Every structure is written in structure tokens, then in C-alpha cells.
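**Student:** Take a look and give me a structure for this.
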Amino acid sequence: MNLMLIVDVPVKHHIQWTPNQEDHLPWDQEAQSRVAPGLRELDREQTGEVHADPVGYKESSVQHSQKPAPEEDTKEEGWSGWGCTDNSQAFTYGFQLLSTLLLCLSNLMFLPPVLIALRSRCLLEASVYIFTMFFSTFYHACDQPGIVVFCIMDYDVLQFCDFLGSLMSVWVTVISMARLHSIIKQVLYLLGAMLLSMALQLDRHGLWNLLGPSLFAVGIMAIAWTFRTIRRRHCYPPTWKRWLFYLCPGTLIASSAVALYAFVETEENYFYIHSIWHMLIAGSVGFLLPPRAKPDGRVAPLARRKGCGYQLCVNEQEELGLVDPGSVSINSICTS
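**Tutor:** Just a heads-up that it's a prediction; the model follows:
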């Protein structure tokens, strides 16, 4: 073994070890081949390089733009082994691109509910659906474990806005179905937004964050429909077509979406199950959103002649204090 010591200055000492070919290494070639990739990965982590392989892709240390990298990020991409160098089950670039596009483009199913809401003059509901579609698209573009990632802002902000938009879409749809007075409806919209924001800060991934507001809104809708049924002595909504072609299909689609989200969705099937969840929720909104309110059939009051009939005609002499107000009749006031 040749040991060469290079002394530059008293402060720095450089030691270089150059083994000969006949020197015996402390480990065999097989062990060296297993450990060397891991050591190369550590070196790439220090330099910030990305390790790529024809079979799959992974990021060893480069974080997504403003996205907190999880401790097991490489495991999520299918890489395994002591040094995360086993790519036998790694996600290919095509699979990562397909899953990203599927999760993002499935949000375009909110376009029909937006058009239906605008046609029904439900502007608040339409704005909530647009908010949900926008932030859900870019959240899923940022929430990918591979290299197909695009973040327009902080990851935590995108996640919060996506969850809030999803819950608000369910909330405003059910409250809109209740056909409440405009003032009461707007108050419930505002209270729902504040309470849902608080709930999401407490636990964003809790199942009751979805079921709780949904059940509460359904209770409000049931009370409003029962009150109308008793007052009108007729089932509300009154037409069987509304029940058969809109309410029943919409309820069935929404129930299927909740069942998939609660009992079927896992980390392995997240890409396509969650995309189906997007499409089912948007489709149910299109069925459940109520149509434009029709006139109640009351006869409008007849238009009165301009001036007479209203206490708006003013006698100039009375206004100037030239006559006694008690001696002036309505007819004299309105003749001017």
C-alpha cells in the first residue's frame, strides 16, 4: 500500500490514498457493487443532481418548487432498496405523466355545472365551482411524487384552497337546493366558508370534514322542503320529472363518489380513483343544482298614474310656507 502525504501549508493537510491493484479491499466486489450506488446517491444529494434511469425516474434530493418533500418520497415513486437504487418497480415517465394529466383534466368536468349555474343566475355558486376547478387542477399538478410536477404557488396554499373549494362546492349546492330566502342563503354561505376554513386547519384529511357539512346542509334542506310541503299541502319539489331525472340520479352519483372516497381510495389506486371522484362530484352538482326560480304567479299591482296616488307631489307654496298645510288637499297638491 502506497501512502502519499501532501503538505501544502501548516493549516491544511491533504491526504491522498492510492491503492494498488493487488491490495486486498476490506469488502468483496459484490458488497462493493451494492454499496457504491448508495454512495454515489449521497454524492448526488450534495451536488443536487437528479438520478435518472431508463426504467424509471426519481428525485433523490431535489425538492419540488415550494413543496415539502416527504421522508419516504422515493418510496412513493416505486424505488426501493437500502440506497433507494432498486428501480424494478419505479414509476415510468409515461405513467407519471398519465396520472398527472388524469388528475388535472378530470377537473374540467366542473365546466358544465358552471354553465348551468350561470344559466340559472346562480352567480355565487358558479364562482365557487370555478374556484374549485382552478385550485384542484394546480394542486394535483403540484402534488406528484415524480418529476412531472408544476407548482404555481406554495404547496400548503394549494392544498388548503383545493380542500376548501371541494367542501364549499358541496355546501353551496345543497344550501341552494333548499330554496331559502336570499339573505338567509348568503349568511349560510358565509358561515359555511368560515367554519370550513377552521375545520380544515384542525384536520384536513378527516373524513368528517366532508360528511359533517354535507349532513348538516342536507338537514337544512330537509327542514325547508318539509315546511314547504306542509304549507302547500303538496310534495316538494312538486314535479315527478324533477325527482326522476335530476334528484335521484344526482343523489346516486354523489353517494357513489362519497363511497369511493371513504372506502375504496388507497395510495395504490389514488391516481384513477380520485380522478373518478372529481368527475362524479362535478356530475352530481350538474344534476342537483336547482333550476331558475319561476314567478310565483301573483298578479302584479296596476301601475298608478304619475303623481296622484303618491305623496310625492309638492305644492311650491306650501314648501315656501305661504299657505297652511292643513288647508291644502291632496287634489290641490297633485294638480301641479
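**Student:** how far away is the nearest residue to S120 once chain neighbours are set aside from V285?
**Tutor:** Once flanking residues are discounted, S120 sits nearest to R292: 4.5 Å by C-beta to C-beta, 6 or more residues apart in numbering. Where C-beta positions appear, they are placed from N, C-alpha and C, glycine not excepted. Distance of R292 to V285, computed by C-beta to C-beta, to the nearest Å: 16 Å.
**Student:** higher neighbour count, the two?
**Tutor:** V285 (28 against 8; other C-beta atoms under 10 Å).
**Student:** element containing that one, please.
**Tutor:** Following DSSP states H and E, one finds V285 within helix 270-288.
**Student:** for that helix, packing partners?
**Tutor:** Counting contacts by 3 or more C-beta pairs under 8 Å, 6 or more residues apart in numbering; DSSP states H and E, helix 270-288 packs against helix 93-105, helix 111-119, helix 155-177, helix 248-259.
**Student:** Output those helices as TSV; include the columns mean neighbour count.
**Tutor:** Formatted as TSV, the helices and strands packed on helix 270-288 follow (neighbours: other C-beta atoms under 10 Å):
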stretch	mean neighbour count
helix 93-105	17
helix 111-119	18
helix 155-177	21
helix 248-259	16
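**Student:** and V149, which of these is closest to it?
**Tutor:** Closest to V149 of these is helix 93-105 (C-beta to C-beta; 8.0 Å).
**Student:** what's the angle between the closest one and helix 270-288?
**Tutor:** Compare the direction of helix 93-105 with that of helix 270-288 by axes from the mean of the first three to the mean of the last three C-alpha atoms, to 10 degrees and you get 20 degrees.
**Student:** Show me where this protein has its strands.
**Tutor:** For the chain, the strands defined by DSSP state E cover 2-7, 13-18.
**Student:** Go through the helix holding V285 and flag the buried ones.
**Tutor:** For helix 270-288, the buried set under the neighbour-count rule, 16 or more other C-beta atoms under 10 Å, comprises 271, 274-288.
**Student:** same thing with stretch 182-189?
**Tutor:** For stretch 182-189, a neighbour-count test (16+ other C-beta under 10 Å) marks 185, 188-189 as buried.
**Student:** Nearest to S176 among those?
**Tutor:** Of these, the one sitting nearest to S176 (C-beta to C-beta) turns out to be K185, at 7.2 Å.
**Student:** where does that closest one land on pLDDT?
**Tutor:** Looking at K185, its pLDDT is 94.
**Student:** same deal with Q66?
**Tutor:** The per-residue pLDDT reported for Q66 equals 46.
**Student:** re the thing from before, report the contact partners of the residue nearest to S120.
**Tutor:** Contacts for R292 (C-beta atoms under 8 Å, 6 or more residues apart in numbering) come out as 119-121.
**Student:** do H205 as well
**Tutor:** Neighbours of H205 in contact, by C-beta under 8 Å, 6+ apart: none.
**Student:** so how far is M133 from it?
**Tutor:** The spacing between H205 and M133, counted by C-beta to C-beta, is 21 Å.
**Student:** what do you get for A222?
**Tutor:** 29 Å.
**Student:** go on, D154?
**Tutor:** According to C-beta to C-beta, D154 stands 20 Å off from M133.
**Student:** More neighbours: those two, which one.
**Tutor:** Set D154 next to M133 and count neighbours by other C-beta under 10 Å: M133 wins out with 20 against 14.
**Student:** out of everything not next to it in sequence, what's closest to that one?
**Tutor:** Among residues not flanking M133 along the chain, F110 sits closest, at 4.0 Å (C-beta to C-beta, 6+ apart).
**Student:** How about D162?
**Tutor:** Y139 (3.9 Å).
**Student:** right, and the one you found touches L158 too?
**Tutor:** Yes - using C-beta atoms under 8 Å, Y139 makes contact with L158 at a distance of 4.1 Å.
**Student:** hmm, back to that, the helices and strands packed on helix 270-288: lowest mean pLDDT?
**Tutor:** It's helix 93-105: among the helices and strands packed on helix 270-288, that one has the lowest mean pLDDT, namely a mean of 90.
**Student:** Any chance you could list what contacts that helix?
**Tutor:** Applying C-beta under 8 Å, 6+ apart, the contact partners of helix 93-105 are 56-57, 137-138, 140-141, 144, 146-149, 271-272, 274-275, 278.
**Student:** of those residues, closest to L195?
**Tutor:** Distances from L195 to the contacts of helix 93-105, taken by C-beta to C-beta, are shortest for H278, at 24.0 Å.
**Student:** Alright, calling it a day.
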